[in-house]
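1. with the sequence up front, the predicted model follows.
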Amino acid sequence: MKLSTVLGTCCYIGYIRPAPGTWGALITLPVAYLLHQLGGFPLVALVTVLATGLGFWAAADMIKDEPQADPSEFVLDEFAGQMLALWALSLPAWLHHIDIAALWPGWITAFLLFRLFDIRKPGPVGWADRKHGAFGIMVDDLIAGFMAAIGVALLAGFSHGVLGL
């Protein structure tokens, strides 16, 4: 099998049915946790950037015969988007020396918000999803991840600031 397929399917996770995108996002959680434990936010950020760059390449290679396709087994976009959503946990945990496992409500929130935005495709997520090629495949999930990160940060501020939890 081609390297672009191995990477694009996140080592064949994308072939799990049903809901390969959910599986792609779900596998990201333990990977991000391990990366954060090994190198903190800088390693999480580096892998996110690498996954994004490789995602653009792998997506373009996987769809070169069908440039308007968005193969469901391609889940590196979910991986990159979910990693971006987790920046809202990894960065503050790293900056303030907080055990990232203690932020477990944020992990659940990041996952749920990312999947919500990725599936429902509100506003800019839908705009990017309508684009063709590797751009459309990757950018909608990156925007969903960014929106999920903002949602996590806002909900954490509300929970800790307003509710005092």
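-> All right, it came through fine. Numbering: from 1, shown residues only.

2. does the residue nearest the centre of the chain count as helix, strand or coil?
-> For the chain, the residue nearest the mean C-alpha position is Q82 (1.8 Å; Cα atoms, centre = their mean). Three-state call for Q82 (DSSP: H, G, I helix; E, B strand; the rest coil): helix.

3. contact partners for the closest residue to F146 other than its chain neighbours?
-> Spatially, and ignoring its direct neighbours in sequence, F146 is nearest to L84 (5.9 Å; Cβ to Cβ, 6 or more residues apart in numbering). No exception for glycine: its C-beta is placed from N, CA and C like everyone else's. Applying Cβ atoms under 8 Å, 6 or more residues apart in numbering, we find L84 in contact with 48, 142, 145-146, 148-149.

4. how close does L84 sit to P18?
-> 24 Å (Cβ to Cβ, to the nearest Å).

5. can you check I27 too?
-> Distance from I27 to P18, by Cβ to Cβ: 15 Å.

6. tell me which of those two has more neighbours.
-> I27 (19 against 8; other Cβ atoms under 10 Å).

7. can you pull the pLDDT of the more buried one?
-> Here the pLDDT value assigned to I27 is 97.

8. A59 now?
-> Confidence score, pLDDT, at A59: 96.

9. how about it: what's its closest non-neighbour residue?
-> Closest residue to A59 apart from its sequence neighbours, by Cβ to Cβ, 6+ apart: A134 at 3.9 Å.

10. quick one, what contacts the one you found?
-> A134 touches 55-57, 59-60, 63, counting by Cβ under 8 Å, 6+ apart.

11. for the helix or strand harbouring it, which residues meet the burial criterion?
-> Remark: A134 resides in helix 133-157, with elements defined by DSSP states H and E. For helix 133-157, a neighbour-count test (16 or more other Cβ atoms under 10 Å) marks 133-134, 136-149, 151-153, 155-156 as buried.

12. burial check on A45, number of neighbours?
-> 18.

13. please apply the same query to E73.
-> By the criterion of other Cβ under 10 Å, E73 has 18 neighbours.

14. for it, helix, strand, or coil?
-> coil.

15. list the contacts for the residue lying closest to it once chain neighbours are set aside?
-> When the adjacent residues along the chain are set aside, E73 lies closest to G14, with 3.7 Å between them (Cβ to Cβ, 6+ apart). Counting by Cβ under 8 Å, 6+ apart, G14 touches 8, 20, 23-24, 71-75.
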